[in-house]
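> Any chance you can model this:
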Amino acid sequence: MGSIEKPIRVSEERECVQEMVNMNPSFIPQKYLRSEEERAKDNIVDISLNSSSQIPILDLALLFNGDKGELEKLDKACEEWGFFQIINHGIPAEVLENMKNGVAEFFKLPLEEKRKYPYDPFTRQGYGLYYPHTEGQKLDWSDSIMYILYPSHLRKPERWPAKPPSFKDAVETYSAEVRKVAGKLYGCLSLIMGMEKEEGLLELQKELQMSMRVNYYPTCSSPDKVLGLSPHSDSSSITILMQNNDTVGLQIRHDGGWVPVKPVPNSLVVNVGDVLEIWSNGKYKSIEHRAVTSETNTRISFGAFVMPNIDVEIEPLQEMLSMQQKPAKYKKVKFGDYLTYALRQKMDGKANIEEYKT
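Got it, this is the predicted structure:
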């Protein structure tokens, strides 16, 4: 990484946006306000007018059973959208609800209680991010809590809330189920990427790692003037996201516009991460996405980032190069180096992966 100059960053402990809204719902500090020029560039697609503008919905049970038509839909979704929703994923509805309720109860706690589990920038776990940013960069209208879930020896129990009592069990059960879903998806992806066996991608990661970031988006008196989460792509192999209610907040970049992702009950949203884009030699796209806020409804999202061991070297797979009959578009890089570089940058579209193109 020594060849890439790292910009100077300023780190500051952010105030709690939720608390700020509780104290004065109409007040928006200047450092959160987007410029009129930026807002004028927004091109939000009206999905109610065109059903083809909605991201694909795939059946994981069919995928896992090797259904040819569904596997073709997966290949097309990764190539054309970089996002899809999955149904019939096998996670009991009760597990999903317990996770949503446990986290919602945590965010209802007094600020002093939540701050007993502060974010640790070295382990990247806990509540309330120390946010790297440049001078003048606008901040996101959201609060977060983040954990490393697997391998389990990297967990920091002192950062896991004791209240509500249901929190730990809910996270433990949900994360175990999501890891199963990730394994099934890796098997399906291995097949459509031409690997000899279904375990191909999973074995390539050596020791699967998974972290979770829960974002809490408070209401905002002028939602068009802020962003809940700035545009970015994920550094993961894949990301598996659960949304907590019918409030539409996630938007993805597609054909020059921002496409809202309407939650499907009991579904999960899956997106291609930077690692999968590199493995596929650019066939599958790690797509920019962002989160917007609402004037009337709070929203919580649960993002599970599935990624390789930090010592794994990532580069285009030989199977994909052979299928495409094209040279490698990305440089070889150790995943730990890539992740460290990405986490030191501000959220800025696909700037991270652009650094590693040949």
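> how close does Arg159 sit to Pro231?
28 Å (Cβ to Cβ, to the nearest Å). For every residue, glycine as well, the C-beta is placed using N, CA and C.
> With Lys332 instead?
27 Å.
> Which one's more surrounded, the two?
For Lys332 versus Pro231, neighbours defined as other Cβ atoms under 10 Å are more numerous around Pro231 (18 against 11).
> That one reaches Arg290, doesn't it?
Yes: counting by Cβ atoms under 8 Å, Pro231 sits close enough to Arg290 to count as a contact (4.4 Å).
> Run through the helices of the chain in chain order.
Secondary structure of the chain, counting by DSSP state H: helices at 17-23, 36-40, 60-64, 68-80, 93-108, 111-114, 167-192, 200-204, 274-279, 318-324, 335-343, 351-354.
> helices and strands around the first one, which ones?
Counting contacts by 3 or more Cβ pairs under 8 Å, 6 or more residues apart in numbering; DSSP states H and E, there are no secondary-structure elements packed against helix 17-23.
> Which positions in it come out as buried?
Buried residues in helix 17-23, counting neighbours by 16 or more other Cβ atoms under 10 Å, are found at Val17, Gln18, Met20, Val21.
> Kindly report the same for the second one.
Of the residues in helix 36-40, none is buried by neighbour count under the rule 16+ other Cβ under 10 Å.
> which residues does Ile192 contact?
Applying Cβ atoms under 8 Å, 6 or more residues apart in numbering to Ile192 gives the contacts Leu71, Leu74, Asp75, Cys78.
> Apply 7 Å and report the result again.
Leu71, Leu74, Asp75 (Cβ atoms under 7 Å, 6 or more residues apart in numbering).
> still on that earlier bit, closest to Ile44 among the buried residues of helix 17-23?
Val17 (22.4 Å; Cβ to Cβ).
> In this structure the closest one contacts Ser142, no?
Yes: contact criterion Cβ atoms under 7 Å: Val17 and Ser142 qualify, at 6.2 Å.
> coming back round to it: could you point out the member of the buried residues of helix 17-23 that lies closest to Pro56?
Using Cβ to Cβ, those come closest to Pro56 at Val17, 32.6 Å.
> List the contacts of that closest one.
Val17 touches Trp141, Ser142, Asp143, Pro218, counting by Cβ under 7 Å, 6+ apart.
> do Ile55 as well
Going by Cβ under 7 Å, 6+ apart, Ile55 touches Trp81, Phe83, Phe84, Gln85, Ile252, Val259, Val261.
> switch to 8 Å and redo it
Ala77, Trp81, Phe83, Phe84, Gln85, Ile252, Val259, Val261, Val269.
> Any regions of the protein where pLDDT drops low?
For the chain, applying pLDDT under 70 flags the ranges 1-14, 49-52, 129-136, 345-349.
> repeat that for 50
Scanning the chain for pLDDT under 50 picks out the ranges 1-12.
> how about the buried residues of helix 17-23 in a markdown table, adding distance to Trp279?
Listed next are the buried residues of helix 17-23 as a markdown table, based on distance: Cβ to Cβ, whole Å:
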| residue | distance to Trp279 |
| --- | --- |
| Val17 | 36 |
| Gln18 | 38 |
| Met20 | 41 |
| Val21 | 41 |
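> what about the nearest residue to Gly183 once chain neighbours are set aside, neighbour count?
Closest residue in space to Gly183, ignoring its immediate chain neighbours: Leu202 at 6.3 Å, by Cβ to Cβ, 6 or more residues apart in numbering. Neighbour count for Leu202, taken as other Cβ under 10 Å: 19.
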